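S.K.: Next comes the sequence, and after it the predicted model I'd like to discuss.
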Amino acid sequence: MRIAIVILNWNGKQYLEKFLPGVVETCHDIAELYVADNASSDDSVSFLKLHFPQVKIIQNSANLGFSGGYNIALKQIEADYYILLNSDIEVTPNWIEPVITLMESDATIAACQPKILSYFDRNRFEYAGAAGGFIDRFGYPFCRGRIFQNLEKDHGQYDDNTEVFWATGACFFIKAAKFHEVGGFDDDFFAHMEEIDLCWRLKHAGYKIFYCAQSKVYHIGGGSLDKSSSRKTYLNIRNNSTLLYKNLPRKQLYPVFIARFFLDMMASFKFLIDGGFKHFAAVARAHLGFYFSYKKNRVKRSKINHQQVTKIYKGNIALDHFLLGKKTFDQLDKQNFF
């Protein structure tokens, strides 16, 4: 079995210096290690060549974002499994084997993630993935262990291996054949929510997404764009609209889009009230960006065999969280998952 760990890097020398030694140590005799560099302007590549000659380097010609950077790199790597790993993650001993064992046990499992904990608060789940991702009927993503900004402490409540809706791109295990079968990431996403779109397309193709509790890593998060960035707001809103349009069954498409338009407008005015004019403007630009790409996205939608997939939360997570005060995953009505 061939396993390839692929770290996408863009001006992340400080993370490579800090975390790459641990990855090298834990993947010895298990996986080949690659760094795909997105045309960094720091000395990441020369640092790798000098200090980590065992690491294979793929140099992209430009900063192609998460989606394009990985798509280009993975076309050049022959393996049975890809492990896509953020550069700002600290791995732990035996973080690879339990996930691969779980995925090998079921041919229908296409992708999987480990437990994602905070690097700075090590008993608390980290925003990007926590204990496995879900999405509600209006397209709002959340996780076991994280609803919006509320991060739960890890006291073993999610120590079960279970099927989820999406696995985080921060530490993303995927069977290589399945990745290429559904066309990989959507290049136009650039960054943010591309893994949710990919997982949704995998589910349309009849595959499952899983969370493996026996593996854990620690994630810094926000290394490329932090939550204060209006660019991040733009990408999240635009990409969320795109993944909904591409993947929703036809009968749900228009009701969801009408609801999301008003929900996004409410969010934009909340930004404005809080003094975030750049974020207010980013929401409007995101909607325009989506509509300007409508023809291209219509072609993408036509290539997907839409099915009624499982693990979508049929409630409204925003309503549950902000109005009904549900702060943790276990407070959600389990009958609302289908």
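M.R.: Yep, that arrived.

S.K.: For the lengthiest helix in the chain, name the packing helices and strands.
M.R.: Using DSSP state H to define each element, the chain has its longest helix at helix 250-273. Helix 250-273 sits against helix 230-247, helix 277-292, with contacts defined as 3 or more C-beta pairs under 8 Å, 6 or more residues apart in numbering; DSSP states H and E. For glycine as for every other residue, the C-beta is placed from the backbone atoms N, C-alpha and C.

S.K.: can you pull the buried residues of the longest one?
M.R.: Read that as helix 230-247. Neighbour counts over helix 230-247 (16 or more other C-beta atoms under 10 Å) mark 230, 232-247 as buried.

S.K.: do you know how far Arg122 is from Tyr245?
M.R.: Separation of Arg122 from Tyr245 (C-beta to C-beta, to the nearest Å) stands at 39 Å.

S.K.: same check, this time on Ser40
M.R.: 33 Å.

S.K.: how deep is Asp188 tucked in, by neighbour count?
M.R.: The burial count assigned to Asp188 is 18, neighbours taken as other C-beta atoms under 10 Å.

S.K.: does it really touch Phe292, like I thought?
M.R.: No. Using C-beta atoms under 8 Å, Asp188 makes no contact with Phe292, being 11.3 Å away.

S.K.: Now do the same for Ile273: its pLDDT.
M.R.: pLDDT for Ile273: 75.

S.K.: tally of neighbours for it?
M.R.: 9.

S.K.: Could you check how far it is from Tyr119?
M.R.: 33 Å.

S.K.: Specify which residues of the protein, grouped into ranges, have pLDDT under the cut-off.
M.R.: 222-228, 272, 275 (pLDDT under 70).

S.K.: so which strand or helix has the most far-flung residue of it relative to its centre?
M.R.: The C-alpha centroid of the chain is most remote from Leu50, which lies 31.1 Å away (C-alpha atoms, centre = their mean). Following DSSP states H and E, one finds Leu50 within helix 44-51.

S.K.: can you pull the buried residues of that helix?
M.R.: In helix 44-51, counting by 16+ other C-beta under 10 Å, buried: 44-45, 47-48.

S.K.: Give me the next element, helix or strand, following that helix.
M.R.: strand 56-59.

S.K.: Can you name every helix or strand that that following strand contacts?
M.R.: Against strand 56-59 (3+ C-beta pairs under 8 Å, 6+ apart) you get strand 32-37, helix 44-51.

S.K.: of all those, which lies closest to Asn150?
M.R.: Among the helices and strands packed on strand 56-59, the nearest to Asn150 by C-beta to C-beta is strand 32-37 (33.3 Å).

S.K.: Run through the helices of the stretch 51-200 of the chain in chain order.
M.R.: 65-74, 97-104, 176-181, 194-204 (DSSP state H, counting those that start in this stretch).

S.K.: Would you tell me which of the ones you listed gets closest to Ile147?
M.R.: Nearest to Ile147, of those and by C-beta to C-beta, is helix 194-204 at 15.7 Å.

S.K.: For the closest one, what is the distance to the chain centroid?
M.R.: 10 Å (C-alpha atoms, centre = their mean, to the nearest Å).

S.K.: tell me the angle of the next helix or strand after it relative to helix 194-204?
M.R.: Later in the chain than helix 194-204, the nearest helix or strand by DSSP H and E is strand 208-219. Going by axes from the mean of the first three to the mean of the last three C-alpha atoms, to 10 degrees, strand 208-219 is angled at 160 degrees with respect to helix 194-204.

S.K.: in strand 208-219, what counts as buried?
M.R.: So for strand 208-219, counting by 16+ other C-beta under 10 Å, buried means 208-213, 215-219.

S.K.: list the helices and strands it packs on?
M.R.: When contacts are defined as 3+ C-beta pairs under 8 Å, 6+ apart, strand 208-219 sits against strand 89-91, helix 97-104, strand 109-118, strand 162-164, helix 194-204.

S.K.: To Tyr34, which of these lies closest?
M.R.: Closest to Tyr34 of those, according to C-beta to C-beta: strand 89-91, at 15.1 Å.

S.K.: Pairing partners for that closest one, with directions?
M.R.: strand 208-219 (antiparallel) (DSSP bridges).

S.K.: What would the partner strand look like as CSV? C-alpha coordinates only.
M.R.: Only the C-alpha atoms of strand 208-219 are listed here, as CSV (Å, rounded to 0.1, in the frame of the first residue of the first chain):
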residue,chain,number,x,y,z
LYS,A,208,-19.0,7.7,2.9
ILE,A,209,-17.0,10.2,4.9
PHE,A,210,-15.8,9.2,8.3
TYR,A,211,-14.2,10.5,11.5
CYS,A,212,-11.6,8.4,13.3
ALA,A,213,-11.2,9.1,17.1
GLN,A,214,-8.2,6.9,17.6
SER,A,215,-6.0,9.5,15.7
LYS,A,216,-5.5,13.0,16.9
VAL,A,217,-3.5,16.1,15.8
TYR,A,218,-3.1,19.6,17.1
HIS,A,219,-3.9,22.5,14.8
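
S.K.: could I get the helices and strands packed on strand 56-59 as TSV with distance to Asn9?
M.R.: Below are those laid out as TSV (distance: least, C-beta to C-beta, whole Å):
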stretch	distance to Asn9
strand 32-37	5
helix 44-51	5
